[in-house]
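Undergrad: Give me the fold of what follows.
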Amino acid sequence: MRFLNISFAAGVMLLAIYSCNDRGNKYIDQGEVHYSIEYVKSSGTMPVDLKPHTLVVSFKQDKILFEILAPFGNQGIMNLINPQAEIYDTYINMLGVRYYYSSSPGEIYPGFREMEGAEVNLTSNTTTICGYSCKNAEVTFPSDRKKVYSFWYTDEINVNNSNFLTPFQEIDGVLMSFYYIMGGSVLRFEAESVYKKEIPDKAFEKRPKYRLVNKKDMDKIITDMVNL
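TA: Sure thing, here's the model as predicted:
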């Protein structure tokens, strides 16, 4: 029985180690963070298994690419930040139809409409995610100030202004665990792996063959995608 207990404890420890991988070093300024997406609350009729379950954030100093990927086809949502080239774009690829919206510097990206006006309370709580020391922020949104969401972030990854153009600009660090609210859906993002790797500059260039739409239309498209 003691052997079984030890084996079980060892299994739990291995699961904890491999459930969140740090493939790089601390304070890297180039690489990727991979997140899982949990549908805490899912709206619409599409089965959760068919909805996006992965977020990949590629970064190179102050250049950042966010990609929410669907489990089938080459579909999803991209946010691109490239201050040097003055690119602050949102791209949508949905059922072969491609749209984009170009934000102005300082303008919150489309898709965050229901989170605008977020109130952020930085706490003294800490934890470790993927080997990185993380700080805590308690966040509330205008739709329900009584509901508090716990965000975790780290300053041990060198990404400049990682929450630029989001309602969470007060959080000075890379988000490792956070929430996204849109329509009737609540999504939780949790970092699973951090990789140190070379990201080509081409990844942060404007995408061709996308049709320009206004912000109101882009908001509606993103809301519809999240709440299918």
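
Undergrad: Once you drop chain neighbours, what's closest to Gln30?
TA: The spatially closest residue to Gln30, leaving aside those adjacent along the chain, is Lys60, at 4.8 Å (Cβ to Cβ, 6 or more residues apart in numbering). Any C-beta I mention is one placed from the backbone N, CA and C, and that applies to glycine too.

Undergrad: So Ala137 is in contact with Ala118, correct?
TA: No - Ala137 is not in contact with Ala118 according to Cβ atoms under 8 Å; the separation is 9.9 Å.

Undergrad: where do the contact lists of the two overlap?
TA: Residues touching both Ala137 and Ala118 (Cβ atoms under 8 Å, 6 or more residues apart in numbering): Phe168.

Undergrad: For the nearest residue to Gly31 once chain neighbours are set aside, the count of nearby residues, please.
TA: Leaving aside its sequence neighbours, Gly31 sits nearest to Lys196 (Cβ to Cβ, 6+ apart; 4.5 Å). By other Cβ atoms under 10 Å, 15 other residues sit near Lys196.

Undergrad: so who does Glu138 touch?
TA: Counting by Cβ under 8 Å, 6+ apart, Glu138 touches Val120, Asn121, Thr123, Val148, Tyr149, Ser150, Phe151.

Undergrad: tell me which element the first one falls in.
TA: Spelled out, it's Val120. Using DSSP states H and E, Val120 sits within strand 119-129.

Undergrad: and after that strand, which helix or strand comes next?
TA: Downstream of strand 119-129, the first helix or strand assigned by DSSP H and E is strand 132-141.

Undergrad: residues in contact with the closest residue to Ala137 other than its chain neighbours?
TA: Leaving aside its chain neighbours, Ala137 sits nearest to Phe151 (4.4 Å; criterion: Cβ to Cβ, 6+ apart). Phe151 is in contact with Val120, Asn136, Ala137, Glu138, Val139, Phe168, Ile171, Leu175, Ser177, Phe178, Tyr179, counting by Cβ under 8 Å, 6+ apart.

Undergrad: Sort out which residues of stretch 59-69 are buried, please.
TA: Residues Phe59, Lys60, Asp62, Lys63, Ile64, Leu65, Phe66, Glu67, Ile68, Leu69 are the ones in stretch 59-69 that count as buried (16 or more other Cβ atoms under 10 Å).

Undergrad: which stretches of the protein aren't confidently modelled?
TA: Scanning the chain for pLDDT under 70 picks out 1-19, 22-24, 73.

Undergrad: all helices of it, in order?
TA: Using DSSP state H, the helices assigned to the chain run over residues 2-18, 215-226.

Undergrad: Show me what the shortest one is packed up against.
TA: To tie it back to what came earlier, the one meant is helix 215-226. strand 87-94, strand 97-102, strand 174-182 (3 or more Cβ pairs under 8 Å, 6 or more residues apart in numbering; DSSP states H and E).
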